[in-house]
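Trainee: can't give you the sequence, but here's the structure:
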């Protein structure tokens, strides 16, 4: 029986990594990506979290898009 796992992603860092360094990952299926990376585990959920940057006036609008 496989161990169960939940993936937690820091959305702010994910956004900057993808859009600045890996733009080809923009439409990456994160669930499938982690299932391939960890075949010995059952990825039961992927959760992405982010915080609003109050000092950056446009951050909230960019996040909504």
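Mentor: Perfect, I can see it now. The structure displayed is predicted, hence computed values, not measured ones.
Trainee: May I see the buried residues of the lengthiest helix in the chain?
Mentor: Counting by DSSP state H, the longest helix found in the chain is helix 11-21. Using 16 or more other Cβ atoms under 10 Å as the test for burial, helix 11-21 gives 12, 14, 15. In short, each C-beta sits where N, CA and C put it, glycine included.
Trainee: can you tell me which of the residues you listed lies nearest to residue 5?
Mentor: Comparing these against residue 5 with Cβ to Cβ places residue 14 closest, at 17.5 Å.
Trainee: Please work out how many residues are found near the residue nearest to that closest one when sequence neighbours are not counted.
Mentor: Nearest non-adjacent residue to residue 14, counting by Cβ to Cβ, 6 or more residues apart in numbering: residue 48, 6.8 Å away. Residue 48: 13 surrounding residues under other Cβ atoms under 10 Å.
Trainee: ok, now residue 43?
Mentor: 20.
Trainee: residues touching it, list them.
Mentor: Residue 43 makes contacts with 5, 6, 7, 31, 34, 35, as judged by Cβ atoms under 8 Å, 6 or more residues apart in numbering.
Trainee: what's the answer for residue 44, then?
Mentor: Residue 44 neighbours (Cβ under 8 Å, 6+ apart): 4, 5, 6.
Trainee: again, only using 6 Å
Mentor: Residues near residue 44 by Cβ atoms under 6 Å, 6 or more residues apart in numbering: residue 4.
Trainee: Need the three-state assignment for it.
Mentor: In the three-state summary, residue 44 is assigned as strand, counting by DSSP: H, G, I helix; E, B strand; the rest coil.
Trainee: ok so, going back, downstream neighbour of the longest helix of the chain in the secondary structure list?
Mentor: helix 30-37 (DSSP states H and E).
Trainee: so residue 9 touches residue 50, yeah?
Mentor: No. Using Cβ atoms under 6 Å, residue 9 is not in contact with residue 50, being 9.0 Å away.
Trainee: What are the contacting residues of stretch 13-30?
Mentor: The contact list for stretch 13-30 (Cβ under 6 Å, 6+ apart) reads residue 46.
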